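Participant: curious how this folds, go ahead:
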Amino acid sequence: MRQLSPLFLLFLLSLAFACSGEKQDGSEFIEQGEMSSVDIQDTCSCDDLMEDESGITVLDTSVYTGVCQLNYPDSDIKYITKDYMNGLLHGEVTYFDRSGKVLVEEIYVNGEKKRSGEGAPHNCDCSELEQKMIVGETQPVFLLDGMPFTGMCNEKYPNSDQTYIEIHYDNGLRNGFATYFDATGNSMFMEKYEDGVLVKTINAANK
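Facilitator: Okay, here's the model as predicted:
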């Protein structure tokens, strides 16, 4: 039997290593049901997408994962961007004005709208937040509609429109101030948080 030359064997080995380093598919930018805009490779015009009878969005008959964009009529100025995963809206749907400022930002998870508002952050009632301990975090994370909350929540006195507490959050962690009010609306004291950790309490008399 004819033996392969050493040089040819080295060539085959280098080819095998080169192939093993190639990306196999687009799954590298989908982790734990989230989309990373940094790594998304597939973008298109929203006009190129079609929705099939089952409500799945396709591009050229293939179930679409990526970002689509629409511009203002007869313009290169971006009007809307939509995130899709496996043919469903998943991530952000963002509307822009002609200067590029965010007008409205909607959040979708597996085709279901979770939150809509005039950009971020959002406001909500503190009772809407869900508190969870997440692996890798040393502080509890507060979720709104299953997603880490950024914005401010407030809670009112029973049977009253008077606010009892306002708490600021960033990516699910208390960040900034939590302010407590008495029944007449005067500030009683404030708590300052950094990445979920209470670092200072300020009494109203000491402000």
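Participant: how is this structure partitioned into domains?
Facilitator: 28-120, 121-207 (automatic domain parsing).
Participant: ok, of the ones you listed, where does mean pLDDT dip lowest?
Facilitator: Note on these: domain 28-120 shows the lowest mean pLDDT, a mean of 81.
Participant: how distant is that one from the center of its chain?
Facilitator: Here domain 28-120 shows a centroid-to-chain-centroid distance of 12 Å under the convention C-alpha atoms, centre = their mean, to the nearest Å.
Participant: any idea what the spatially most central residue of the chain is bridged to?
Facilitator: Central residue of the chain (C-alpha atoms, centre = their mean): Gly91, 6.0 Å from the mean position. Beta-bridge pairing for Gly91 (DSSP bridges): Tyr108.
Participant: go on, Asp170?
Facilitator: Asp170 has these beta-bridge partners by DSSP bridges: Leu173.
Participant: could you verify my assumption that it touches Phe142?
Facilitator: No - between Asp170 and Phe142 there is no contact under C-beta atoms under 8 Å: 10.3 Å. To be clear about C-beta, it is placed using only N, CA and C from the backbone, and glycine gets the same treatment.
Participant: neighbour count winner among these two?
Facilitator: When neighbours are counted by other C-beta atoms under 10 Å, Asp170 and Phe142 differ, and Phe142 comes out ahead with 22 against 17.
Participant: which element, helix or strand, includes the more buried one?
Facilitator: Using DSSP states H and E, Phe142 sits within strand 141-144.
Participant: immediately after that strand, which helix or strand?
Facilitator: strand 147-148.
Participant: nearest residue to Phe96 other than its sequence neighbours?
Facilitator: Lys78 (5.4 Å; C-beta to C-beta, 6 or more residues apart in numbering).
Participant: all helices for the protein, in order.
Facilitator: 6-20 (DSSP state H).
Participant: give the contact list for the nearest residue to Asp145 once chain neighbours are set aside.
Facilitator: With sequence-adjacent residues excluded and distances taken as C-beta to C-beta, 6+ apart, Asp145 is closest to Lys114, at 3.9 Å. With contact taken as C-beta atoms under 8 Å, 6 or more residues apart in numbering, Lys114 is in contact with Ile107, Tyr108, Leu144, Asp145, Gly146, Met147.
Participant: before we move on, back to that, these two touch, right, the residue nearest to Phe96 and Gly100?
Facilitator: Yes - when contacts are counted by C-beta under 8 Å, Lys78 is listed as touching Gly100 (7.2 Å).
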